[in-house]
Structure formats: structure tokens, C-alpha cells
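Trainee: coords please:
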Amino acid sequence: MRILTWHIHGSYLYYLVQGRHTYYLPVREGARHGYSGRAGAFPWPGNVVEVPAADVRDLDLDCVLFQHRDNWLYDQHEILSPAQRGLPRVYLEHDPPRESPTDTKHVVDDPDVLLVHVTPFNALMWDSGRTPTRVIDHGVLEPAGVVYDGRLERGVVVVNNLGTRGRRLGADVYDRVREEVPLDLIGMGSLELGGLGEVPIPGLPAVIARYRFFFNPIRYTSLGLAVCEAMMVGMPIVGLATTEMAMVVENGVSGWVETDVGRLVAHMQRLLRDRDEARRLSAGARRRARERFGIERFLADWDEAFALVTEARPARLRAA
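Mentor: Numbers count the residues shown, from 1 in each chain. Predicted coordinates for the structure are as follows:
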């Protein structure tokens, strides 16, 4: 299929385009969110095509994939033709609701649009109204030649701009834990917090694989791809038992999740002392990642979603 979408979350987009469809990304000058095209350090495949935003209306498309409320509210009216706005449409929701965790109505209220959530938790919390929904779990590539080592007696945290994103992303949790546990922070803006800065995406798995465990301090956001990627490497995961994290990490099998930060600290300290336990959890984390976050299942789910909206609309889409 020929699918128009925007560059919203680079890592997610990179995994999505591993499939067999052609993805057109609008580009324009300036800092407008979503118009960066093939930006970033990703080895984008040839089926990802940049198109000047002014030329999008001339494209012959099969489907439009929205990924942000601005795409839905503004962008489609600016760059799509009237005929393109009537094409099969999918809205990919990356996050749980922000205004109220239980009573926020989704920006899409349309029975002819398929709303895709990236976790069951997100689908549970959004009020999706009359819009048909489904969940497509994350999918990540297994990095070639990278295996968990765990020789560094430290934990690693991968969060972008943690210092400016505050309590929701667990900045205060990170500060508390690093007083008792040696941690290294990786990501944009991490240097300001004494971290290591950014690590290019292709080289990140080999870097984190040296650490004893992966710590996720985030209170409330969607399940981060960094967690899925770390599990695919075989990193033992330690984090807060909130959102979908509580259903991804099995205590004593693939890592440890708690809502008591003090108990998390105790788990981390024990992992630093006991490398054998870390190795056992590593095997469980990698096994879980392969079962739940395999790229083949992910791409097959998306193929099914695109087929549903293009072949079964509108009445059969509502029924499905």
C-alpha cells in the first residue's frame, strides 16, 4: 500500500517501515513537528519517501496514518486534498490520556476511522467513544550480535529530556534512586543531569548490554520502546509497576517492578551483588521480548489493520 504518515516518534516509525508498504513522509522547512522526514540516525529503508508538504495533495495514496492530534486537527486540512481526506484512515495513539487518566475523550470521534493503541493500558484509559479501536503491541528488531553482558556494576536509564519532563517521567524518582544506586543516564538532555548524553540509535544496544540492569523511572506514559529494546537485548528490567509495565515485567522472571521505590532500590542493590540472578533475569527478559515484541508479529498486525480499513469500510469497519 501507499501510506502517508508523519515523523512523530522516530523509533516507532523505524520499526513500522520494516514492512512491505511504501510510506510517504511530508517535509517542510522550519521546526514544525512531524515534518522532519527521514531525519535521525536511523538506517531508513528505501520504502520511506520524503515528499514536500506542498506536493502531498498530488500523491496517489491508499491510506492516511495519523499519529498526533495536530495531524488530525490541522495538518490534514493544510496538506491533503478533499479526496485524500476521504481515504481510509488510521489514527495511531502513542500515549495514555494526559488531562484525566480516566475521563479524557479522544480527539478522534469517527466510526469510519480505526484507532490503534500501542498498549492495552492505553486502550483501557482512553474514552474512545464511537471510534472502533484495537491494540497493536510494540515490535522491535533483535540487534544482531548483541548479547547481554552485565559486567558493569551499574544500572542504566534511557530517557530523553528527563530534566525538563519532570515527575511524569520520574525525574524525582531518578534523583532519589541515584543517591543509593550507581546509575548512568543516556538520552537527549542527559548531560545537564550528569549523564552520558545521546548515544546513536544503532550503537545503543551494545552500550546498554554492558550494564547490570535497566532502570525505568517513568510514572505515567506509554510503554517506552527503550524498555522493549532493552528486554530484546536481555537486560533485566527494574521499574515502577504502573501503566503497561506491570503486565510486561514478571517479578523474579524478567526483572522487578514495584510501586514502592524503596523496594526497587533493594532489588537493584541485590542485582549489583548477585550477577547470577541478573543472568537468570536476563534470560527471562529476552524470552519475554521475543514472545511479545517480535517484529514479525508487529508487522503482521499492522498489515491486518491496514487491510481492515481499506477493504472493510465503512459499515464492516464499525462491525469489526
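
Trainee: What are the structural domain limits within the protein?
Mentor: 2-138+295-319, 152-292 (automatic domain parsing).

Trainee: Mean neighbour count, these: which tops it?
Mentor: domain 152-292 (a mean of 19; mean count of other C-beta atoms under 10 Å). Placement of C-beta: from N, CA and C, glycine included.

Trainee: can you give me the offset of that one from its chain's centre?
Mentor: In terms of C-alpha atoms, centre = their mean, to the nearest Å, the centre of domain 152-292 is set 15 Å apart from its chain centre.

Trainee: taking the mean pLDDT, what do you get for it?
Mentor: Domain 152-292 comes out with an average pLDDT of 96.

Trainee: what's the spacing between the closest residue to V253 other than its chain neighbours and A39?
Mentor: Leaving aside its sequence neighbours, V253 sits nearest to G284 (C-beta to C-beta, 6 or more residues apart in numbering; 4.2 Å). Going from G284 to A39 by C-beta to C-beta, to the nearest Å gives 36 Å.

Trainee: give me phi/psi at the residue nearest to the spatial centre of the chain?
Mentor: With distances taken as C-alpha atoms, centre = their mean, L225 lies nearest the centre of the chain, 4.0 Å away. Backbone torsions for L225, taken as degrees, to the nearest 10, come to phi -60, psi -30.

Trainee: The nearest residue to it once chain neighbours are set aside: what secondary structure?
Mentor: Leaving aside its chain neighbours, L225 sits nearest to S11 (4.8 Å; criterion: C-beta to C-beta, 6+ apart). Using DSSP: H, G, I helix; E, B strand; the rest coil, the structure places S11 in helix.

Trainee: how far away is S11 from V227?
Mentor: 12 Å.

Trainee: M125 versus the residue nearest to the centre of the chain, what's the distance?
Mentor: Counting by C-beta to C-beta, the gap from L225 to M125 is 19 Å.

Trainee: likewise V253?
Mentor: Note on V253: its distance to M125, by C-beta to C-beta, is 26 Å.

Trainee: what does D276 give?
Mentor: Distance from D276 to M125, by C-beta to C-beta: 38 Å.

Trainee: can you check V64 too?
Mentor: 25 Å.

Trainee: same check, this time on D95
Mentor: 10 Å.

Trainee: Next, the nearest residue to I208 once chain neighbours are set aside: secondary structure please.
Mentor: Spatial nearest neighbour of I208, excluding adjacent residues (C-beta to C-beta, 6+ apart): V156 at 5.0 Å. With three-state DSSP as the basis, V156 sits in strand.

Trainee: Check whether V156 really touches G187, as I assumed.
Mentor: No: look at V156 against G187 with C-beta atoms under 8 Å: they stay out of range, at 10.4 Å.
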